[in-house]
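Engineer: give the three-dimensional model of this entry:
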Amino acid sequence: MRDWLDNHNNDNVRTQMYYAKKGIITPDMEYVAKVEKIEPELVRSEVARGRLIIPANVNHKHLNPMAIGLASKCKINANIGSSALASNINTEVEKVDVSLKYGADTIMDLSTGGDLDAIREGVINHSTVPVGTVPIYQILHDCKDKIEDLSIEKMLQTLQKQAEQGVSYFTIHAGFLLRFMPHIAKRKMGIVSRGGSLMAAWMMHYHKENPFYEAFDDILDICRKYDVSLSLGDSLRPGCLADASDEAQLSELKVLGELTLRAWEKDVQVMVEGPGHVPLNQIERNMKLEKEYCHEAPFYILGPLTTDIAAGYDHISSAIGAAVGGWHGASMLCYVTQKEHLGLPNAEDVRSGIIAYKIAAHSADIARGRKGARDIDDEMSDARYGFDWNKQFELCLDPERAKEFHDETLPQDVFKEAEFCSMCGPKFCSYKITQKIVEEHGDKMKETE
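Structural biologist: So this is what the prediction gives:
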């Protein structure tokens, strides 16, 4: 619990970046340092530099602070949310429970249908991790789905309301400028970002500049008051391999770098959102370009999906890209479920998506050489070689699923002590055979060195 906030009036509380620049280590920074097993001064210096963010709205007081940046573990986000065809607060709260149980580091409420304020309130009240939103969804909802009725005043009112509720980071589509429209005409799939397509519709209707870009300073004032981090949205992310790393995507990325500097001037924390569909051989370059254009702000990537033909299995195709992206510098991975491109995910889809991305994030930490990242893998190796089945279940990312699969064929408790599984049986277990060889011929094996 963030009890230290009780000693401050909200008007006197400043952002984590403000304190970090002043050389002050906040209780939130100390908490993050303990969880990440790094020095508090490193957390402070990285927040001050903008390479690490602690998304923690001052009104989300039951939040457990966490960090996103290269100095911390690679994180994952779980998207939840209602749609116009299916909206239920209890369903979304159930998804929060699943997200927390299986290890999501942040949750994004992407609801577009039902009572959006009530759903968001339920999600935030139930979550101990930061909750993010894409405010344009509610703005459009409140405009009765008439994007032409969007005004800067309505936009700022929505941001203020969500900040007061305790939203810890906003995805805003401020880097998509009117002059980028010709780039879109060259694409195979145009705009696949919902927020980006809505901004395009508004800009073309009025032939005016993006209102999020025009009102960016006002947005920063709201974020600074409540310590809401900005997730600068990639409106022009590629939605297919053919559009990856094109002029539209990279033009927007450069603007996001400019907006990052403007946010830092007002002590607002920033992360930058990254591409959706990217061939495997282009992922490393995308990570390097973000670092260059956006001044090393944390990169938050969706997937990326490495193929366009895995419908029904996109949690796998995207986790492949996510692992490579994390290896080459992405700080947070936005999960993709197997329902991507097909429908609204349910609780079980959330579970499988989270586990796929926990695998990707952990693989990235190992590849980056993070101290201690591989320790649990070494423990698992010892448990497997020693036939310690219960220890194996305990060390898994999803212990229940591991035990469930083992017990499909060998459910009795006696088999938790067995020196084999149903794959190889008692006669063909390579571990057992190897152990017998070492036991009988260990001295001779050493002689062959």
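
Engineer: and for the nearest residue to Arg14 once chain neighbours are set aside, the neighbour number?
Structural biologist: Leaving out its chain neighbours, the residue that sits closest to Arg14 by CB to CB, 6 or more residues apart in numbering is Asp267, at 6.8 Å. Every C-beta, even on glycine, is put in place using the N, C-alpha and C of the backbone. Neighbour count for Asp267, taken as other CB atoms under 10 Å: 20.

Engineer: which of the helices or strands spans the residue nearest to Ile89 when sequence neighbours are not counted?
Structural biologist: Excluding its sequence neighbours, the residue lying closest to Ile89 (CB to CB, 6+ apart) is Gly122, at 4.8 Å. For Gly122, the element it lies in under DSSP states H and E is helix 116-126.

Engineer: pairing partners for the very next helix or strand once past that helix, with directions?
Structural biologist: As assigned by DSSP H and E, the chain's next helix or strand after helix 116-126 is strand 131-133. Using DSSP bridges, strand 131-133 pairs in its sheet with strand 106-109 (parallel), strand 169-172 (parallel).

Engineer: so how far is strand 131-133 off the chain centroid?
Structural biologist: 11 Å (CA atoms, centre = their mean, to the nearest Å).

Engineer: what average pLDDT does the helix or strand that it is followed by get?
Structural biologist: Next helix or strand after strand 131-133 toward the C-terminus (DSSP H and E): helix 136-142. Averaged across helix 136-142, the pLDDT comes to 95.

Engineer: ok, and the closest non-adjacent residue to Gly274?
Structural biologist: With CB to CB, 6+ apart as the criterion, Gly274 has its nearest non-adjacent residue at 3.7 Å, and that residue is Ile301.

Engineer: look at that neighbour and report its pLDDT.
Structural biologist: The model's pLDDT for Ile301 equals 98.

Engineer: was I right to think it contacts Val272?
Structural biologist: No: using CB atoms under 8 Å, Ile301 is not in contact with Val272, being 9.3 Å away.

Engineer: residues near Arg285, how many?
Structural biologist: 13.

Engineer: with Ser229 instead?
Structural biologist: Close neighbours of Ser229, defined as other CB under 10 Å, add up to 26.

Engineer: who's in contact with it?
Structural biologist: Ile53, Ile54, Pro55, Ser168, Tyr169, Phe170, Cys223, Val268, Gln269, Val270, Met271 (CB atoms under 8 Å, 6 or more residues apart in numbering).

Engineer: the strands in this protein, which residues?
Structural biologist: Taking DSSP state E, the strands of the chain run over residues 52-53, 68-69, 75-80, 106-109, 131-133, 169-172, 229-232, 270-274, 299-302, 332-334.

Engineer: what residues are up against Ala240?
Structural biologist: Heads up, residue 240 is Cys, not Ala. Contacts of Cys240 (CB under 8 Å, 6+ apart): Lys188, Met189, Val192, His277, Asp308.

Engineer: now, which of those residues sits nearest His362?
Structural biologist: His277 (23.4 Å; CB to CB).

Engineer: correct me if wrong: that closest one contacts Pro238.
Structural biologist: Yes: His277 is within contact range of Pro238, at 5.0 Å (criterion: CB under 8 Å).

Engineer: which residues are in contact with both of the two?
Structural biologist: Joint contacts of His277 and Pro238 (CB under 8 Å, 6+ apart) are Ala244.

Engineer: any stretches of the stretch 301-449 of the chain with poor pLDDT?
Structural biologist: 448-449 (pLDDT under 70).
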